[in-house]
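J.: mind folding the following:
(one chain, ligands or ions: 1)
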Amino acid sequence: MRTRPMEFLRTTLRTEESETVSSKASTSEIEIQRTSKPASRWQGLVKLLKSRSIGHLANLHPLSVMKLSRRISNSMREDIGATENPLVDTDLSYLRPRRKNFSLSELQRATTFFSHENLIGKGGYAEVYKGQLRDGQLVAIKRLTRGRPEERIGDFLSELGIMAHVNHPNTAKLIGYGVEGGMYLVLELSPHGSLASLLHHERLDWGIRYKVALGAAEGLLYLHEGCQRRIIHRDVKAANILLTEHFEPQICDFGLAKWLPEQWTHPHGVKIRRHTWVRKPNTSSSNLYYLAPEYLMHGLVDEKTDVYAFGVLLLELITGRRALDYSKQSLVFWAKPLLKKNNIRELVDPSLGNDFNTIQMNLVVLAAFLCTQQSPVQRPQMRQVVQLLKGSQGSLEVMKKYQKPSFWKRYYVELFHCRRLQWNKGLDDEETAAFGSLKHQWFKDLKMKLLIQSPIEHIYM
Ligand SMILES: Nc1ncnc2c1ncn2[C@@H]1O[C@H](COP(=O)(O)OP(=O)(O)OP(=O)(O)O)[C@@H](O)[C@H]1O
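T.: Have a look, this model is predicted:
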């Protein structure tokens, strides 16, 4: 008996409450489902994928199946915690309260068969429909539409795993999921939609803009430092900030998000390998203008990648402009000279007039300036960004620290970074060549600097 991928996912992810074990499922599947606690259900998925269950994905290309099973196993181990990892049990407490597994008919009923009138959002990978559940609750149902089946499964599992893990007032809320006739995430509905739609189509008061800036910063700080397993979002942009009834911002779309290692010893950079089934950043559109230079050039990501994108978001809030405007001008390039001169008059959205709090505006402008620094080392951490936006005591220190970066510190980190790249196996020809020329340039610059710097600095280098 062959099980199609969707059925396979459905049986594996089925919640205990609604579970009526399919008589068609194999004995080992039944065992895994019967004995499954929420934690072991995920491990069950990994086990099934790792072992004989590869046969369940028989209608995918054999090579894809092998890759998928290995990568999902690895990523689930990385994402949810390995079986042998003692942290697993505590880690998986986030799966409670359990998310509901919706049947296709429940989702169809909620959205009037995914009618066009209920379509409230369309991203590069999904369509989002407004729906109403039987109990009257309004929801947003995200239906994954793009990509190859294995890509969609990867995206779905990754987003589901991360959304089930996060719990903060400034992150979107997951209600449940569906795996019948497609892959669906059921989220709480944000009545005002995304910041992108509101900011660029309506006049948004400064008070709301400041609230959004602070809330989104707190949401990111939570992802980077506050949740049990730390997360880089990798897709921070105005379209991925939802607004609740009271304009509280909520970070959504975790399709690209990555878990950070438990021990993060170096302040800078991990290379994300290019898995074919992992969604790459959408570089075809204005998304490109949220991407930090080191991410664009080398595919290196860490918390500072999110900090850069957050800086672009702040610029959008200040100026009311898009990251890439209609004349294809980059907001960062346009704003940089004005930020350097702290030319608030030119920066501020003309639709605001003088209707803003000057202290708050100055803080947000300064935060935007620091967050969009070219070098990740010169960008503050989200903890410091929150302090800065609040204008709290420590913010003066943050300013001093990041406004005059030490040349040597920057070079040291970049050289270290450069070595990391070299150590990292798997550079392709293009990257090796790029690495070679960068190294050459860095050393040339360095030699120049060494000639003009004092010998003491030379020694400390
Ligand atoms: N919970 C929600 N409530 C209201 N609207 C939502 C909700 N979730 C998503 N949307 C709308 O749907 C749009 C697309 O959603 P989302 O960003 O999750 O899709 P995506 O295909 O993953 O996007 P991307 O191309 O950015 O990766 C959002 O920009 C927003 O306008």
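
J.: make it CA atoms for all contacts and neighbour counts henceforth
T.: OK.

J.: name the SS class of the nearest residue to residue 391 once chain neighbours are set aside, please.
T.: Sequence neighbours aside, residue 363 is the residue nearest to residue 391 in space, at 6.8 Å (criterion: CA to CA, 6 or more residues apart in numbering). Three-state assignment for residue 363 (DSSP: H, G, I helix; E, B strand; the rest coil): helix.

J.: number of residues surrounding residue 363?
T.: Applying other CA atoms under 10 Å, we find 19 other residues in the vicinity of residue 363.

J.: OK, contacts around it?
T.: Neighbour list for residue 363: 388, 389, 390, 391 [criterion: CA atoms under 8 Å, 6 or more residues apart in numbering].

J.: give me the pLDDT for it.
T.: pLDDT for residue 363: 91.

J.: and it, how far from the ligand?
T.: 27 Å (CA to the nearest ligand atom, to the nearest Å).

J.: what's the spacing between that residue and residue 182?
T.: According to CA to CA, to the nearest Å, residue 363 and residue 182 sit 45 Å apart.

J.: over to residue 157?
T.: Separation of residue 157 from residue 182 (CA to CA): 13 Å.

J.: and residue 197, by the same measure?
T.: Applying CA to CA, the value for residue 197 to residue 182 is 27 Å.

J.: kindly report the same for residue 373.
T.: If you go by CA to CA, the gap between residue 373 and residue 182 works out to 41 Å.

J.: between these two, who's got more neighbours?
T.: The neighbour comparison of residue 373 against residue 182 (other CA under 10 Å) goes to residue 373, with 21 against 15.

J.: in contact with the spatially closest residue to the more buried one that is not a sequence neighbour, which residues are there?
T.: If the residues on either side of it in the chain are set aside, residue 373 comes closest to residue 379, at 5.8 Å by CA to CA, 6+ apart. Shown in contact with residue 379 (CA under 8 Å, 6+ apart): 304, 307, 308, 370, 371, 372, 373, 402.

J.: again, only this time at 10 Å
T.: Neighbouring residues of residue 379 by CA atoms under 10 Å, 6 or more residues apart in numbering: 303-305, 307-308, 311, 367-373, 385, 402-403, 405.

J.: what residues does this structure put near the ligand?
T.: Within the chain, the positions near the ligand by CA under 6 Å from any ligand atom are 120-126, 128, 140, 187-190, 193-194, 239-240, 253.

J.: and the buried ones among those, selectable in PyMOL?
T.: The buried subset of the residues of the chain next to the ligand, as determined by 16 or more other CA atoms under 10 Å, is captured in PyMOL by this line:
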select buried, resi 120+121+125+126+128+140+187+188+189+190+193+194+239+240+253
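
J.: in the chain, which spans are strands?
T.: 100-101, 119-122, 126-132, 138-144, 174-178, 184-188, 231-232, 241-243, 249-251, 258-259, 270-271, 300-301 (DSSP state E).

J.: quick check: residue 246 vs residue 343, distance?
T.: For residue 246, the distance to residue 343 - CA to CA - is 31 Å.

J.: next: residue 175.
T.: 45 Å.

J.: again, but for residue 100
T.: Distance, residue 100 to residue 343, by CA to CA: 51 Å.

J.: cool, residue 148 as well?
T.: 47 Å.

J.: please say which of the two ends up with more neighbours.
T.: Legend: neighbour count by other CA under 10 Å for residue 148 and residue 343, higher for residue 343 (14 against 11).

J.: tell me who's in contact with that one.
T.: So residue 343 contacts 335, 337, 362, 365 (CA under 10 Å, 6+ apart).

J.: and the residues you listed, which two are furthest apart?
T.: Pairwise distances across these peak at 15.6 Å for 337 and 362 (criterion: CA to CA).

J.: which one of the two is surrounded by more residues?
T.: Ranked by neighbour count (other CA under 10 Å), residue 337 and residue 362 place residue 362 first, with 16 against 11.

J.: residues near the nearest residue to that one once chain neighbours are set aside, how many?
T.: The shortest distance from residue 362 to any non-neighbouring residue, by CA to CA, 6+ apart, is to residue 344 (7.7 Å). Counted with other CA under 10 Å, the neighbours of residue 344 add up to 16.

J.: now the helices for the stretch 151-300 of the chain?
T.: Secondary structure of the stretch 151-300 of the chain (DSSP state H, counting those that start in this stretch): helices at 195-201, 206-221, 293-298.

J.: now those helices as JSON lines including mean pLDDT?
T.: As requested, the helices of the stretch 151-300 of the chain are exported to JSON lines (pLDDT from 0 to 100):
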{"stretch": "helix 195-201", "mean pLDDT": "91"}
{"stretch": "helix 206-221", "mean pLDDT": "98"}
{"stretch": "helix 293-298", "mean pLDDT": "77"}
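
J.: phi, psi of residue 137?
T.: Residue 137 has phi and psi values of phi -70, psi 130 when expressed as degrees, to the nearest 10.

J.: list the residues that contact it.
T.: Neighbouring residues of residue 137 by CA under 10 Å, 6+ apart: 110, 131, 188, 189.

J.: and the residues you listed, which is closest to the ligand?
T.: residue 189 (3.9 Å; CA to the nearest ligand atom).

J.: excluding chain neighbours, what is closest to the closest one?
T.: Here the residue nearest residue 189, using CA to CA, 6+ apart, is residue 139, at 4.4 Å.

J.: hang on, the one you found packs against residue 111?
T.: Yes: counting by CA atoms under 10 Å, residue 111 is a contact partner of residue 139 at 9.3 Å.

J.: what is in contact with these two at once?
T.: With CA under 10 Å, 6+ apart, residue 139 and residue 111 have common neighbours 129, 130, 131, 132, 133.

J.: what subset of those residues is buried?
T.: Of the shared contacts of residue 139 and residue 111, these count as buried by 16+ other CA under 10 Å: 129, 130, 131, 132.

J.: would you turn these into TSV with distance to residue 354?
T.: Output for these, formatted as TSV (distance: CA to CA, whole Å):
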residue	distance to residue 354
129	38
130	37
131	40
132	41
